[in-house]
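Q: Pasting the sequence and the predicted model now:
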Amino acid sequence: AQSVTQPDIHITVSEGASLELRCNYSYGATPYLFWYVQSPGQGLQLLLKYFSGDTLVQGIKGFEAEFKRSQSSFNLRKPSVHWSDAAEYFCAVGAGEYGNKLVFGAGTILRVKS
Amino acid sequence: ETGVTQTPRHLVMGMTNKKSLKCEQHLGHNAMYWYKQSAKKPLELMFVYSLEERVENNSVPSRFSPECPNSSHLFLHLHTLQPEDSALYLCASSQERGSTGELFFGEGSRLTVL
């Protein structure tokens, strides 16, 4: 069965510093991969997605992620974090014929210190 | 109108009450989902509706009863719930068949069972 592991429950970075959030997945076929962000009291917003092609994908708000099949990873990066990026981040793998049966990781809470 | 709207945003109910959560999507999608988000647990897929037919029920207790009267509306009927059912219930929609399966989420309904 498919699964997603986000090894870091909490991460704290200084404003302006770079960020990398880790995500490892388990899935037998070529995965559909997603990163979502959730601010307190809000639903989930899609940051970026990978289906095929270029393994480095660009998303909204200056985020990018790199798909590495050999490592079963899909890490999220941002070169310079802003205070407004403080939120919880979820990695997900899409199963099923259309990749829409999402299985989520447990999430990583990002804190930004000024 | 925002893409996916959930009502009510907050609900408090006793274990003997009957209540319903409502979800409406304005995106023209043909698939809708209920997810449960509990503290310290990954998001759990509960139900999937495609073209108004339930295509997935992930071993959800019968005290949760979904209803999808048309492709724009999804309900979750609640009765005789338990305190451990307290959680954030997220509705999502997507376009199956011909799309890449990304889900669009509502802001959630925060349920507290006393």
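A: Arrived safely, thanks for sending.
Q: Beta-bridge partners for the spatially most central residue of chain B, please?
A: For chain B, B:Trp34 is the residue whose C-alpha lies nearest the centre (Cα atoms, centre = their mean; 3.0 Å). Beta-bridge partners for B:Trp34, by DSSP bridges, are B:Phe47, B:Cys91.
Q: ok, now A:Gln45?
A: Under the criterion used (DSSP bridges), A:Gln45 bridges to A:Val37.
Q: burial count for it?
A: 15 (other Cβ atoms under 10 Å in any protein chain shown). The C-beta positions use only the backbone N, C-alpha and C, and glycine is treated the same way.
Q: And the one 3 residues further on, by the same measure?
A: The burial metric for A:Leu48, expressed as a neighbour count using other Cβ under 10 Å, is 19.
Q: Could you measure from it over to A:Cys91?
A: 11 Å (Cβ to Cβ, to the nearest Å).
Q: hang on, B:Ser20 packs against B:Leu76?
A: Yes. In terms of Cβ atoms under 8 Å, B:Ser20 counts as a neighbour of B:Leu76; the distance is 6.7 Å.
Q: Please go through chain A and pick out the longest strand.
A: strand A:87-95 (DSSP state E).
Q: Check the offset of that one from the chain's centre.
A: Put simply, strand A:87-95 sits 5 Å off its chain's centre (Cα atoms, centre = their mean, to the nearest Å).
Q: Quick check: can you name the pairing partners of the helix or strand just after it and their directions?
A: Remark: after strand A:87-95, the chain's next helix or strand is strand A:101-104, criterion DSSP states H and E. Here strand A:101-104 has these sheet partners by DSSP bridges: strand A:87-95 (antiparallel).
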